[in-house]
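Q: kindly return the folded structure for what I paste below:
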Amino acid sequence: MIPENWRHNFDTAINGMPNADVISSIFLSVLDLMLSNDWKGACHESSAASHVLLNESQIENTWYIGEVSVGNLPFDHSWIEIQDGVFDLAICKPLIPAFYTGPTINGVNIETNTHPIV
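A: Residues are numbered from 1 along each chain as shown. Model prediction:
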């Protein structure tokens, strides 16, 4: 189940974006699936599903696959960008607990309602 403050912050983060209702439906559905099934380390899978659903909805997006770091610890990761905004659901269910942060929606951590330090 998605925490209510995450839903509120999600809506605020995408407010004014074209197709916000479709973007919301896609990402909240994938996030709910991840949380309900304790889907850890599924960045490639969740990004792939989101990417396909966004494309099928004719929402331009880019699926990024690469290496990122927390401190000096690199790891493979995937995320989506829409209009230069980062959408990263899987970062809230990392394989390594120290890498945890709230989901990032349009560049906003929806758990803390802040912009993550990159």
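Q: wait, a helix at residue 80?
A: No - under the criterion used here (DSSP: H, G, I helix; E, B strand; the rest coil), residue 80 is strand, not part of a helix.
Q: contacts for the lengthiest helix in the chain?
A: When the chain is scanned for its longest helix (criterion: DSSP state H), the result is helix 20-36. Applying C-beta atoms under 8 Å, 6 or more residues apart in numbering, the external contacts of helix 20-36 come out as 1-2, 6-7, 10-11, 14, 17, 39, 42, 46, 49-50, 53-54, 57, 59, 82, 87, 89-90, 92-93, 103, 105. Placement of C-beta: from N, CA and C, glycine included.
Q: list the buried residues in that helix.
A: The neighbour-count criterion (16 or more other C-beta atoms under 10 Å) identifies 23-24, 26-28, 30-31, 34-35 as the buried residues of helix 20-36.
Q: tell me if I'm right that residue 113 and residue 12 touch.
A: Yes - judged on C-beta atoms under 8 Å, residue 113 makes contact with residue 12 at a distance of 7.4 Å.
Q: check the gap between the residue lying farthest from the centre of the chain and residue 64 for me.
A: Here the chain has its C-alpha centre computed as a mean, and the residue farthest from that point, by C-alpha atoms, centre = their mean, is residue 72 with 22.3 Å. The gap separating residue 72 from residue 64 is 21 Å, by C-beta to C-beta, to the nearest Å.
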